[in-house]
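J.: Next comes the sequence, and after it the predicted model I'd like to discuss.
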Amino acid sequence: MLPKWLKSNEAISLLLFLICFGTFSIMESAFFSPGSLTNLAILSSEVGLITLGEAILLTAGELDLSVASVFALSSYIFLGLAYKTSIPLAFFLTLMCGLSIGFINGYLTVRSKIPSFITTLGGLILWRGLLGALSRGESIMYYGEKTTLLSKVVAGNVGFFPSVFLWFIGLAILFTILLNRTKFGNHVLAVGANVIVARNMGVPVERVKILSFIICSLMATFAGCAYFNRRFFSATQIFVGGELQVVAAAVIGGTLLGGGMGSMLGAALGALTVLAIQQGLAIYGIPVELYNSAVGVILLVLAAVYHQYRKIG
Amino acid sequence: MEMSRLSGLNVRIASLWSHLEFRVLMVTALVVVTLGSRSPGKVFTEGFWEGIFRMASDLGFLCIGESLLLAAGEVDLSIASVYAWAAYIVLTLANGGSPFPIALITALVFSASVGLVNGIVRLKTSVHPVIVTLASAWGLRGVLLTLFGEKFSKYQGEKSIFIDAVTGKVAFFPSVFLWFIGLAILFTILLNRTKFGNHVLAVGGDVTVARNMGVPVERVKILSYIICSLMAGFAGCAHVVGAALVMPTLGTDIGYGFGKEFEAICVSVMAGTSIFGGIASMIAVLIASIAYSTFRSGLILMGLPGYWYIPVSGLLLIIFVIIHQIRR
């Protein structure tokens, strides 16, 4: 028999990550070069920040399909506000927009009892569509001040590490504590596992779900701001299809679709795995379009396997 | 006397209003009248309506399939990818010299098998249909983009009866629109007058009750997935033979990464199809497709740039879902 810790979600996702990472490192020396690793750290941090929020929401038994659209839209909002106000204020207001979007998603889902996949599907179309309409489908470059305190804090370097990676690690730890050591986390798990039991036990189901929606959108907005402060442009095509990657990363990390079980460290490792696959395929010259196909297949296989695993116990 | 006649009229309007089709028709009329009053010179022309009917049919085939699947309590986001795949299968085979019927049958068999796989994966794993079909949507699209890259293609195969039958015109109507009407009627009969349709509505309404009554739930749902994909494949074939040029991004709005699957869900919801399953009217879908297409063209006529229809559809989807939810 395997020891218990080996069967945990974190161990399985760590194993998956090491397999992907190890295979690519051995097969292709370019994958293990400093430039490539830094790139991997930055990209997986941006996707990973969104994944942490999505994993909380999935654990609460809901789903947000609009994260990639919110991520893309936040770059446009930040750009527009950065011209009109100061950078810190722009950052704050962009986060507030994300918070409001999360609240709208949550409120609609909880109050009108519409399934979250429909409300956030509407959001997916609406927010990216709005971005396309406002930017007229063109890329917009930012010509304002680029080296600011904020850009150093969210997109600079601390020693050898990109600072967004440190944010990612820090928030992964914070979210782990949030989920496993606080009352709110306890409520999230309870609501996701069985909403009726949770309600009977006095858990404020509506509030917990709306808060999870807010956290999810807020993380997507934060990641969008980090992305903007690295690339300094806004375009409709940013992170198209990203919701698939984010859900796949969460599922690789052992979060159950359907709720009640989630691991934040697992989600972080899941994001690293998904991006390692992207980076590895890119080095082999495999077209980026096939990457989304690969992510789709991985997602389906893992979701099916984990579902079976839960049924057994 | 006067009062009773008035209340009689009220009752008649109320009973008419209780019909889904009537409400959708009223919304359509409202859209047309609003548009017509703003730019009558552009709206009341034959060319405008031919365009609307073509657009409505192209989307409508997908909506019929999606509505059937929604009625069975499931949803499919991979239809735009199936649409593009079917179009490219027909195009590649026919341009390569195969007879058209063989190309068409291959495309339809492929579409049906995608539906079969979606249905089996969804029902055997119990993973949410949105996740399953989102994964297969990106899976299929990725392979298509890799195979054909960013180049344009054009159908250059043989001219067969089918092509004349979908690209031609019968009197005032484009013939593809007559196909759409025919299929809407066929699906109305299928849904309301056959055992299968009865099962679809039962399964979508309450799956436990349906199972206890002896409905083969899994088979009905998988068949609905197959029909949904088949309609998408048919739409792709009908589109490509008449289209000037196509790209592997066919069926999506370039840059957004999504397109017809969302429009189909939006129209289905406008047509009163319940996202919880158990309710659908194909005649309402027919009318809603025309309403949506008129509305989409209308936005451009009103001077809004073409990009705006996407966010507006997203907003429409949410608004209509809420309206139907309140009515429940």
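T.: Looks like it came in fine. Residues are numbered from 1 along each chain as shown, chains lettered A, B, ... in the order given.

J.: Can you verify my assumption that A:L300 contacts B:V132?
T.: Yes. Between A:L300 and B:V132 there is a contact under Cβ atoms under 8 Å: 6.5 Å. The way it works is simple: take the backbone N, C-alpha and C, and place the C-beta from them, glycine included.

J.: Mutual contacts of those two, please.
T.: Common neighbours of A:L300 and B:V132 (criterion: Cβ atoms under 8 Å, 6 or more residues apart in numbering or on different chains): B:121, B:125.

J.: out of those two, which sits in the busier spot?
T.: Taking neighbours as other Cβ atoms under 10 Å in any protein chain shown, A:L300 and B:V132 compare with B:V132 leading, 31 against 23.

J.: Quick check: the more buried one is in a strand.
T.: No. Judged by DSSP: H, G, I helix; E, B strand; the rest coil, B:V132 forms no part of a strand; its state is helix.

J.: OK, contacts around A:A248?
T.: For A:A248, the residues meeting the contact criterion (Cβ under 8 Å, 6+ apart) are A:270, A:274, A:295-296, A:298-299, A:302.

J.: my bad, should have said B:E261
T.: Contact criterion Cβ under 8 Å, 6+ apart gives B:62, B:66, B:76-80, B:137, B:251 as the residues in contact with B:E261.

J.: Same question for A:V295.
T.: When the contact criterion is Cβ under 8 Å, 6+ apart, the partners of A:V295 are A:244-245, A:248, A:274, A:277, B:135, B:138.

J.: ok, 10 Å please
T.: The contact partners of A:V295, by Cβ atoms under 10 Å, 6 or more residues apart in numbering or on different chains, come to A:241, A:244-249, A:252, A:274, A:277-278, B:135, B:138-139, B:142.

J.: May I ask which of the residues you listed has the most neighbours?
T.: Per-residue neighbour counts (other Cβ under 10 Å) across these peak at A:V246, which has 34 neighbours.

J.: Surely that one touches A:F71?
T.: Yes. The pair A:V246 and A:F71 passes the contact test of Cβ atoms under 10 Å, sitting 9.0 Å apart.

J.: what do the two both touch?
T.: Counting by Cβ under 10 Å, 6+ apart, the contacts common to A:V246 and A:F71 are A:47, A:49-50, A:219-220, A:223, A:239.

J.: residues near A:F160, how many?
T.: In terms of burial, A:F160 registers 10 neighbours under the definition other Cβ under 10 Å.

J.: list the buried ones in the helix or strand bottoming out on mean pLDDT in chain A?
T.: In chain A, no helix or strand scores lower on mean pLDDT, DSSP states H and E than helix A:288-312, which sits at a mean of 78. Neighbour counts using 16 or more other Cβ atoms under 10 Å in any protein chain shown place A:289-300, A:302-304, A:306-307 of helix A:288-312 among the buried residues.

J.: can you check stretch B:83-99 too?
T.: B:83-94, B:98.

J.: hang on, A:S217 is in a helix, isn't it?
T.: Yes. Secondary structure assignment (three-state DSSP) places A:S217 inside a helix.

J.: Look up how far A:L121 lies from it.
T.: 15 Å (Cβ to Cβ, to the nearest Å).

J.: which SS class is B:Y155?
T.: Judged by three-state DSSP, the three-state class of B:Y155 is coil.

J.: from memory it sits against B:I163, does it?
T.: Yes. Under the criterion of Cβ under 10 Å, B:Y155 is in contact with B:I163, at a separation of 8.4 Å.

J.: Okay, strands next: where are they in chain B?
T.: Residue ranges of the strands in chain B, as given by DSSP state E, are B:169-170, B:173-174.

J.: what's the closest of those strands to A:N105?
T.: Evaluated with Cβ to Cβ, the strands of chain B place strand B:173-174 nearest to A:N105, the distance being 40.1 Å.

J.: What's the per-residue pLDDT of residue 219 here?
T.: No chain specified, so I'll use chain A. Looking at A:M219, its pLDDT stands at 96.

J.: if you could check chain B rather than the one you did, that'd help
T.: As summarised for this prediction, B:R219 has a pLDDT of 95.

J.: Any figure for the gap between it and chain A?
T.: 20 Å (Cβ to the nearest Cβ, to the nearest Å).

J.: Output the set of residues of the stretch 201-313 of chain A in proximity to chain B.
T.: Within the stretch 201-313 of chain A, the positions adjacent to chain B are A:235-237, A:239-245, A:247-248, A:251, A:257-258, A:286-308, A:310-311 by Cβ under 10 Å from any Cβ of the partner chain.

J.: how does it look with 6 Å?
T.: Along the stretch 201-313 of chain A, the residues adjacent to chain B under the rule Cβ under 6 Å from any Cβ of the partner chain are A:236-237, A:240-241, A:244, A:257, A:287, A:289-290, A:292-293, A:296, A:299-300, A:303-304, A:307.

J.: And the stretch 51-200 of chain A, by the same measure?
T.: A:112, A:114, A:117-118, A:122, A:125-126, A:128-130, A:132-133, A:137.

J.: where does chain B dip in pLDDT?
T.: Residues of chain B meeting the criterion pLDDT under 70: B:1-9, B:254-255, B:257, B:328.

J.: Could you rerun that using 50?
T.: Within chain B, the set of residues satisfying pLDDT under 50 comprises B:1.

J.: For the residue nearest the centre of it, give me its contacts.
T.: Nearest residue to the geometric centre of chain B (Cα atoms, centre = their mean): B:C63, 1.6 Å. Each residue near B:C63 by Cβ atoms under 6 Å, 6 or more residues apart in numbering or on different chains is listed here: B:264, B:267-268, B:285, B:289.

J.: how does it look with 8 Å?
T.: The contact partners of B:C63, by Cβ under 8 Å, 6+ apart, come to B:264, B:267-268, B:271, B:285, B:288-289.

J.: Dump those residues to TSV, plus neighbour count.
T.: Supplementary listing: these in TSV, determined by neighbours: other Cβ atoms under 10 Å in any protein chain shown:
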residue	neighbour count
B:A264	33
B:V267	31
B:S268	30
B:A271	29
B:V285	31
B:A288	32
B:S289	33
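
J.: want to try a markdown table for those, with distance to B:L191 as columns?
T.: Formatted as a markdown table, the contacts of B:C63 follow (distance: Cβ to Cβ, whole Å):
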| residue | distance to B:L191 |
| --- | --- |
| B:A264 | 17 |
| B:V267 | 17 |
| B:S268 | 13 |
| B:A271 | 13 |
| B:V285 | 10 |
| B:A288 | 16 |
| B:S289 | 16 |
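
J.: And A:C216, how close does it get to A:G192?
T.: Distance of A:C216 to A:G192, computed by Cβ to Cβ: 13 Å.

J.: of those two, who's got more company?
T.: The residue with more neighbours, out of A:C216 and A:G192, is A:C216; 33 against 26, by other Cβ under 10 Å.

J.: My read is that the more buried one contacts A:A68, right?
T.: No. Counting by Cβ under 8 Å, A:C216 stays clear of A:A68, with 11.9 Å between them.

J.: For chain A, give me the ranges with low pLDDT.
T.: Those would be A:312-313, if you go by pLDDT under 50 across chain A.

J.: so where do the strands sit in it?
T.: Secondary structure of chain A (DSSP E): strands at A:140-141, A:157-158, A:161-162, A:233-234.
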